[in-house]
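K.L.:
after the sequence you'll find the predicted model.
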Amino acid sequence: LGERTAPLAGLVAAFIFAVQMLNFPVGAGTSGHLLGGALAAILVGPYTGVLCISVVLLMQAVLFADGGLTALGVNITNMGIVGVLVAYLVFRGLVKVLPRSRTSLTAASAVAAVVSVPVAATAFAGLYSIGGTADVSLGKVFTAMVGVHLAIGVGEAVITMLTVGAVLSVRPDLVYGARGLTAPLTVRTGRAPAVPGAPAAAEQSLAARTEATA
């Protein structure tokens with residue numbers, strides 16, 4: 001990680017850790033919560049985003065038994081890999097066709113979030129069809145997970161859009177998804193711009209004063 005990416009990655013992981021602790025009962029023995037994959041992918045990039053989500057899920061499993069160690073691989077696959085990569089691909093695809101502006105970037109981040117969440121829920125249903133052992137039909141699991149996560153995706157889209165927009169407004173150079181799309185940050189020194197002929201005029205004035213004194 002670079003000097004700029006590492007601190008932001010830590011902040012992103014801490015924020016996602018907090019929002020993922022809010023669980024909503026879904027039914028069919030499952031629960032839902034915000035994922036944060038789109039936010040991580042856009043702010044710090046897809047690879048670092050997967051790392052952030054993986055660390056969050058590991059800490060939740062070890063410290064709070066949330067998700068559990070036995071389901072850690074499934075959770076990382078669904079939320080870390082599928083959620084992050086789908087969000088980033090959707091975001092990059094939209095950015096290529098939309099105008100290069102802050103509004104376009106925030107709108108693309110919202111769409112990426114609202115798409116990635118139900119896709120991750122669908123991936124969970126797919127894994128359940130392969131190795132699920134609970135006495136619950138695949139249809140019930142799919143309906144419960146995808147239905148609720150469609151609504152969760154809307155909430156995540158709002159959070160992602162507001163967060164990305166806030167960072168873009170103050171430090172666009174930190175947003176991984178905006179690299180090459182925003183103008184470089186310029187620093188104003190506060191010095192007045194040079195006026196053509198000003199040095200020559202100053203020299204003439206100084207010479208006139210010297211002659212008058214002499």
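P.N.:
That came through fine.
K.L.:
from now on I want contacts and neighbour counts done on CA atoms only, so please keep to that.
P.N.:
Noted.
K.L.:
flag every buried residue along the longest helix anywhere in the chain.
P.N.:
Assignment by DSSP state H gives helix 138-170 as the longest helix of the chain. Neighbour counts over helix 138-170 (16 or more other CA atoms under 10 Å) mark 138, 141-146, 148-150, 152-165, 168 as buried.
K.L.:
wait, what's in contact with T143?
P.N.:
Counting by CA atoms under 8 Å, 6 or more residues apart in numbering, T143 makes contact with nothing.
K.L.:
quick check: the residue nearest in space to the middle of the chain vs F17, distance?
P.N.:
For the chain, the residue sitting closest to the mean C-alpha position, by CA atoms, centre = their mean, is L39 at 2.2 Å. For L39, the distance to F17 equals 12 Å [CA to CA, to the nearest Å].
K.L.:
G165 now?
P.N.:
21 Å.
K.L.:
ok, I76 next?
P.N.:
14 Å.
K.L.:
overlap in contacts of the two?
P.N.:
Joint contacts of I76 and F17 (CA under 8 Å, 6+ apart) are L57.
K.L.:
what residue ranges in the chain score low on pLDDT?
P.N.:
Confidence mapping of the chain against pLDDT under 70 gives the ranges 1, 24-32, 133, 181-214.
K.L.:
now the strands: where do they sit in it?
P.N.:
24-27, 30-32 (DSSP state E).
K.L.:
count the neighbours of A108 for me.
P.N.:
Neighbour count of A108, defined by other CA atoms under 10 Å: 23.
K.L.:
now it, nearest residue through space, not along the chain?
P.N.:
Leaving out its chain neighbours, the residue that sits closest to A108 by CA to CA, 6 or more residues apart in numbering is F91, at 5.4 Å.
K.L.:
thought the one you found was touching V114?
P.N.:
No - F91 lies out of contact with V114 (CA atoms under 8 Å); the separation is 10.9 Å.
K.L.:
just the helices in the chain please.
P.N.:
Using DSSP H, helices in the chain cover 5-20, 37-44, 46-64, 72-75, 83-97, 102-131, 138-170, 198-213.
K.L.:
out of the ones you listed, which gets nearest to G180?
P.N.:
Comparison of these against G180 by CA to CA identifies helix 83-97 as nearest, at 11.3 Å.
K.L.:
residues contacting that closest one, please?
P.N.:
Here helix 83-97 has contacts from 35, 37-38, 40-42, 45-46, 49-50, 104-105, 108-109, 111-113, 115-117, 119-120, 177, using CA under 8 Å, 6+ apart.
K.L.:
just the buried members of these?
P.N.:
35, 37-38, 40-42, 45-46, 49-50, 105, 108-109, 111-113, 115-117, 119-120, 177.
K.L.:
how about the nearest residue to the residue nearest to the centre of the chain, chain neighbours excluded?
P.N.:
L39 sits nearest to T160 (CA to CA, 6+ apart), 5.4 Å away.
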